[in-house]
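Participant: I'll drop the sequence and a predicted model, then ask my questions.
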Amino acid sequence: MDELEPTADLMRVVEYFDRFAESDANADTVIRAAAVLAECPAGARWPSGTTIRYDAAGRLLPTAAAPPGALGTEPAVWLERTGAPRHLDGVLVGRLRHCLRVASRRGATGPTGLGDPALLEVVLSEEQRRADRVRAMRLLGVDPGRPMCLLAVSGPGTADAVRIIAEHVPVVRSTILGTTTAVLVQDGGTCRELSDVLNTAVVQAFPASCRGADGPWVGMGERLPALAAATSWDQARRALRFASSTWHGRRVIAFERLGSLALLGELPVSRLLGAPDVVRLNDFAATEAGGLAVDTLEAFCLFGSLRRTADELHLHHSTVAARIAQVEAVMGWHVGEALDRFMATLALMMRRIALSSAELSPDPPTGSDARRAVRHQPATDVG
């Protein structure tokens, strides 16, 4: 821009940007062109937090806050010139902002021509080039140098669940991908501890009735390097299958807590529902008395003793023992023995995964399946 003639420089800058305004150029193209013309870094930041910066050589720069003196707010635009400003800097910045606003009015989804969902899909795809994933991260305000954790949220109350997550950990981005909401966080805590905190908060906000929990459910992937976001997202969706729609199950599951149980999450729902023990449990739970007995056994496997189970369910311990005995008679178990107790816990876990998966499916199964085994209202204890 130094080489422009004083008598023609104003019109040349205007014409330079008018060509972009009249074309289908997106924000990246316009800001890059402005930086090259100005011979210094140029940037823009939108109220959504999306920031685009290019250096004088046309290279994408990391995101940064708008500096003092940036022009406007939707978007804010600026030059990052070292030393004294040049006489056309004000004109250049004004035309840059005008072009970006024209591009926005053309109907592009977001300043890049990609909406947040599309950008996040790039970040979460192992099929995209590394450079494209890094660029998408920067456009989303994600620091590629910091680990990230993905959460998958589904079921009724999803928006409130995302709000609860944001109250406990800084949320960088959240967006709906298909039937699941993806939430991206970057912080220094552990997923195990965060899952405990979030589970407590979700249960308090959405207490389970005696017929079970209707959602929301949350799966958490491991905290991994940013370029491994696709792996964390896959883990989050697998953990989501364990988030329980039953009365006593957890609502927030961290993948790192699952260990070998994660292998169960790889089985299709049809195989889980077809397992002989699960079939018998579901058939028995289809009646009111059977549903009460199965729920009570699940509580016993969770709480570990007759007395604590009775306290948690507000029942007499003899009632708890009688209900467990009903299931034992049907299943051929004796849960006082370690192996049978393990078998009962495993079968109940498989049933829980199948029920959760059925609830999370966009087209849940009908008929004599997991829906038929939904919990029944317990009768008042008189024991």
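Facilitator: Yep, it's here. Since this is a predicted model, take the numbers as computed values, not measurements.

Participant: Looking at the chain, which helix is longest?
Facilitator: For the chain, the longest helix by residue count, based on DSSP state H, is helix 338-360.

Participant: ok, which stretches of the stretch 51-200 of the chain are strands?
Facilitator: Read by DSSP state E, counting those that start in this stretch, the stretch 51-200 of the chain holds these strands, from start to end of the chain: 51-54, 60-61, 76-79, 149-154, 171-177, 180-185.

Participant: actually the stretch 201-350 of the chain, not the one I typed
Facilitator: In the stretch 201-350 of the chain, strands defined by DSSP E, counting those that start in this stretch lie at 217-220, 252-254, listed in chain order.

Participant: who's in contact with the longest one?
Facilitator: Going back to what we said before, that points to strand 217-220. Taking contacts as Cβ atoms under 8 Å, 6 or more residues apart in numbering, the residues outside strand 217-220 that touch it are 149-155, 161, 165, 191, 194-195, 198, 202, 235-245, 251-255, 356, 359-360. Where you see a C-beta, it was placed from the backbone N, CA and C, and this is true even at glycine.

Participant: rerun that using 6 Å as the cut-off
Facilitator: By Cβ atoms under 6 Å, 6 or more residues apart in numbering, the surrounding residues in contact with strand 217-220 are 151-155, 191, 195, 236, 239-240, 243, 251-254.

Participant: try stretch 10-22
Facilitator: 4, 30, 88, 91, 92, 95, 99, 102.

Participant: Residue 202 versus the nearest residue to residue 215 once chain neighbours are set aside, what's the distance?
Facilitator: Spatial nearest neighbour of residue 215, chain neighbours left out: residue 155 (2.5 Å); criterion: Cβ to Cβ, 6 or more residues apart in numbering. Distance of residue 155 to residue 202, computed by Cβ to Cβ, to the nearest Å: 10 Å.

Participant: Over to residue 223?
Facilitator: Residue 223 sits 20 Å away from residue 202, going by Cβ to Cβ.

Participant: quick one: contacts for the residue nearest to residue 215?
Facilitator: Contact partners of residue 155, counting by Cβ under 6 Å, 6+ apart, are 215, 216, 217.

Participant: Quickly note the distance from the last one to residue 228.
Facilitator: For residue 217, the distance to residue 228 under the criterion Cβ to Cβ works out to 24 Å.

Participant: Show me which of these two is the more surrounded one.
Facilitator: residue 217 (32 against 15; other Cβ atoms under 10 Å).

Participant: follow-up on the earlier one: quick one: list the elements packing against the longest helix of the chain.
Facilitator: Counting contacts by 3 or more Cβ pairs under 6 Å, 6 or more residues apart in numbering; DSSP states H and E, helix 338-360 packs against helix 269-274, helix 276-285.

Participant: Where among those helices is average confidence lowest?
Facilitator: Across the helices and strands packed on helix 338-360, helix 269-274 has the smallest mean pLDDT, namely a mean of 89.

Participant: How far does that helix sit from its chain's centre?
Facilitator: For helix 269-274, the distance between its averaged C-alpha position and the chain's averaged C-alpha position is 26 Å (Cα atoms, centre = their mean, to the nearest Å).

Participant: if we can go back for a sec, got the helices and strands packed on helix 338-360 as TSV, with distance to residue 293 columns?
Facilitator: What follows is these, written out as TSV (distance: least, Cβ to Cβ, whole Å):
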stretch	distance to residue 293
helix 269-274	20
helix 276-285	7
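
Participant: Same list (the ones you listed) but as CSV, adding distance to residue 80 and mean neighbour count.
Facilitator: Formatted as CSV, the entries for the helices and strands packed on helix 338-360 read as follows, by distance: least, Cβ to Cβ, whole Å; neighbours: other Cβ atoms under 10 Å:
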stretch, distance to residue 80, mean neighbour count
helix 269-274, 54, 17
helix 276-285, 62, 18
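
Participant: how about those helices, which one is nearest residue 208?
Facilitator: The stretch from the helices and strands packed on helix 338-360 with the least distance to residue 208 (Cβ to Cβ) is helix 276-285; that distance is 16.4 Å.

Participant: just the angle between the closest one and helix 338-360, please?
Facilitator: With axes from the mean of the first three to the mean of the last three Cα atoms, to 10 degrees as the basis, helix 276-285 and helix 338-360 are set at 70 degrees to each other.

Participant: Output helix 276-285 as CSV - backbone C-alpha positions only.
Facilitator: Taking Å, rounded to 0.1, in the frame of the first residue of the first chain, the C-alpha atoms of helix 276-285 are listed here in CSV:
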residue,chain,number,x,y,z
PRO,A,276,-31.0,-65.0,27.6
ASP,A,277,-30.6,-63.4,31.0
VAL,A,278,-31.8,-60.0,29.7
VAL,A,279,-34.8,-61.6,28.0
ARG,A,280,-35.8,-63.3,31.2
LEU,A,281,-35.3,-60.2,33.2
ASN,A,282,-37.4,-58.1,30.7
ASP,A,283,-40.2,-60.8,30.7
PHE,A,284,-40.3,-60.8,34.4
ALA,A,285,-40.2,-57.0,34.7
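
Participant: Tell me which residues are up against it.
Facilitator: 290, 291, 294, 330, 347, 350, 351, 373.

Participant: Quick one, which of those are buried?
Facilitator: Applying 16 or more other Cβ atoms under 10 Å to the contacts of helix 276-285, the neighbour count classes 290, 291, 294, 347, 350, 351, 373 as buried.

Participant: Specify which member of the residues you listed is nearest to residue 306.
Facilitator: Nearest to residue 306 among the buried ones among the contacts of helix 276-285, counting by Cβ to Cβ, is residue 294 at 16.3 Å.

Participant: and the gap between that closest one and residue 171?
Facilitator: Looking at residue 294 against residue 171, where the rule is Cβ to Cβ, the gap reads 37 Å.

Participant: Could you list the buried residues of stretch 259-270?
Facilitator: 262, 264, 265, 267, 269.

Participant: One more: stretch 217-236?
Facilitator: Within stretch 217-236, the residues that count as buried by 16+ other Cβ under 10 Å are 217-224, 226, 229-236.

Participant: Alright, calling it a day.
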